[in-house]
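# Let's see this in three dimensions:
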Amino acid sequence: MQSLIEQAAAAIDASMPSDTWRADVVCAASITPKPIMWLWPTWLAAGKLTLLAGAAGTGKTTLCLGLVATLSCAGRWPDGERCLTAGNTIIWSSEDDPTDTLVPRLMAMGADLSRIHFIQGRIDDRGNREPFDPATDMDLLRETARRIGGVSLLMLDPVVSAVKGDMNKANEVRRSLQAVVDFAAEQNAAIIGITHFTKGSQGTTPQERVIGSQAFAALARMVLVAAKQEDSDMRVLARAKSNIAIDDGGISYGIEEATVGDGIETTRVYWGGKVEGTAREILGDVEDTGEKTSERDDAVQFLYDILKDGPLPSKQVYEDARGAGFTTATVRRAQKEIGIKPYKDGDGIGEKSAWYWCLPPAAGFTKMLTETPKMLTPKAEHLSENVSTLVEIEPFKNKPVEVI
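Sure thing, here's the model as predicted:
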């Protein structure tokens, strides 16, 4: 009887369609863990999609070309970290001409041009040329990347061009960008997709300000945001989202004119110092121009009162300020108006090392109340081996300084 049952079961199995699907699972114990590989530690990961978003005028393309230049010659990243290995970059741009715009900018930032390649279109065996479409031609780009070899970065400007269909529809965005995500994983290359903020989104959560469907930010493992202060050249780059590292803190930067070659006028990025806070706080600090003067004056007096007896940890200052009803952005503006330069005490980590706030010397206090300290120091030579991008500030010349 048992034999008949087994024969019947075998017959049923044999009669089932060969295309029957089943869930494919893997036991966690059989998975070998591996670390995230970084081009720029905690900012730009190999094998992952990163978005760089911001309003018009923030210099997103120039900023990104600065990162490309650093990678091409194993220079220094904006925070002073050394790029450990030089790598090749492929750039697709539908908005700027490589001849008169992109290559001059790269030259101004000391890039090794032999490591940088621009997509100009697609070509068949007969020499016929057509425009390259990131939404449909990623397979061709895989072949090109393999032929070049050592491709560490792909820059898509703008990333919305990789979407075939409506960029406001989540399903179409996910379906199109999956090819981009797969390219990153297969080539173990970082991808930076440049995009814009939605108009009128100031004050909202930074990653929600990315234009188009929220699927853009959802698929990206990192979302970087850039902003510019309206009445100055101050700009900031901040981490708005990270699924693979910390997601706070930023870097200040600026854009300056430069001349290369036979008198070709161009621009380049220069890096300032590190900035504390979440992306929303950092962007709010830079973009908010509607604060009442009396509120800032109150915050100035508050800081003077709590710091007059000596330095206090930055964490305690922020906590006390929130308790007094001041927002982080207001406290930052008051800090700059006074001229407070946070400094780091201790060489360890965690409880052994902390940032402190201290009032400037009494002799210069009145002057500092009426003058806003310069935010950025040009560091165009940041690509050279022995130059740090962090600014040196008195009176804490011999201590690590956090520039706000």
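# Quickly find the element holding the residue nearest to Ala111 when sequence neighbours are not counted.
Closest residue in space to Ala111, ignoring its immediate chain neighbours: Ala69 at 3.7 Å, by Cβ to Cβ, 6 or more residues apart in numbering. Backbone N, C-alpha and C define where each C-beta goes, glycine included. Taking DSSP states H and E as the criterion, Ala69 maps to helix 60-72.
# Downstream of that helix, the next helix or strand is which one?
Using DSSP H and E, the first helix or strand after helix 60-72 is strand 88-93.
# packing partners for that next one?
helix 60-72, strand 116-118, helix 138-148, strand 151-157 (3 or more Cβ pairs under 8 Å, 6 or more residues apart in numbering; DSSP states H and E).
# how about these, which one is nearest Met107?
Nearest to Met107, of all these, is helix 60-72, at 9.0 Å by Cβ to Cβ.
# As CSV, could you dump the C-alpha coordinates of the closest one?
The C-alpha coordinates for helix 60-72 follow below in CSV (Å, rounded to 0.1, in the frame of the first residue of the first chain):
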residue,chain,number,x,y,z
LYS,A,60,26.0,70.5,-6.7
THR,A,61,27.8,69.6,-9.9
THR,A,62,31.0,71.4,-9.0
LEU,A,63,30.9,69.8,-5.5
CYS,A,64,30.5,66.4,-7.0
LEU,A,65,33.4,67.1,-9.5
GLY,A,66,35.5,67.9,-6.5
LEU,A,67,34.9,64.4,-5.1
VAL,A,68,35.7,63.0,-8.6
ALA,A,69,39.0,64.9,-8.6
THR,A,70,39.9,63.6,-5.1
LEU,A,71,39.2,60.0,-6.2
SER,A,72,41.2,60.4,-9.4
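# returning to that earlier point: show me what the helix holding Ala69 is packed against.
Looks like helix 60-72 contacts strand 38-40, strand 49-54, strand 88-93, helix 103-108, strand 151-157, strand 190-196, strand 248-260, strand 264-278 (3+ Cβ pairs under 8 Å, 6+ apart).
# Pull out the buried positions in the longest one.
Of all the residues in strand 264-278, those buried under the rule 16 or more other Cβ atoms under 10 Å are 266-278.
# Bridged to Ile91, which residues?
Phe118, Met155 (DSSP bridges).
# Wait, it touches Phe118, no?
Yes - between Ile91 and Phe118 there is a contact under Cβ atoms under 8 Å: 5.2 Å.
# Determine the residues that are contacts of both of those two.
Pro98, Leu102 (Cβ atoms under 8 Å, 6 or more residues apart in numbering).
# Between these two, which is the more surrounded one?
Counted by other Cβ atoms under 10 Å, Ile91 and Phe118 do not tie: Ile91 has more neighbours, with 22 against 15.
# so which helix or strand takes in the residue most central in space within the chain?
Centre of the chain computed as the mean C-alpha position; nearest residue by Cα atoms, centre = their mean is Leu224, 3.4 Å away. Here Leu224, judged by DSSP H and E, is contained in strand 222-228.
# Specify the angle between that strand and strand 248-260 in degrees.
60 degrees (axes from the mean of the first three to the mean of the last three Cα atoms, to 10 degrees).
# Using PDB, write out every CA atom in the very next helix or strand once past strand 222-228.
For strand 222-228, the following helix or strand on the C-terminal side (DSSP H and E) is strand 235-242. Provided in PDB are the C-alpha atoms of strand 235-242 (Å, rounded to 0.1, in the frame of the first residue of the first chain):
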ATOM      1  CA  ARG A 235      27.300  76.600   1.600                       C
ATOM      2  CA  VAL A 236      26.900  73.300   3.500                       C
ATOM      3  CA  LEU A 237      26.900  69.600   2.600                       C
ATOM      4  CA  ALA A 238      25.100  67.400   5.100                       C
ATOM      5  CA  ARG A 239      23.900  63.800   5.500                       C
ATOM      6  CA  ALA A 240      20.100  63.700   5.400                       C
ATOM      7  CA  LYS A 241      19.800  59.900   5.400                       C
ATOM      8  CA  SER A 242      22.000  56.900   5.800                       C
END
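# and strand 235-242, average pLDDT?
Strand 235-242 shows a mean pLDDT of 93.
# and it, which residues are buried?
Arg235, Val236, Leu237, Ala238, Arg239, Ala240, Lys241, Ser242.
# which two from these end up farthest apart in space?
The widest separation within the buried residues of strand 235-242 (Cβ to Cβ) is 20.4 Å, between Arg235 and Ser242.
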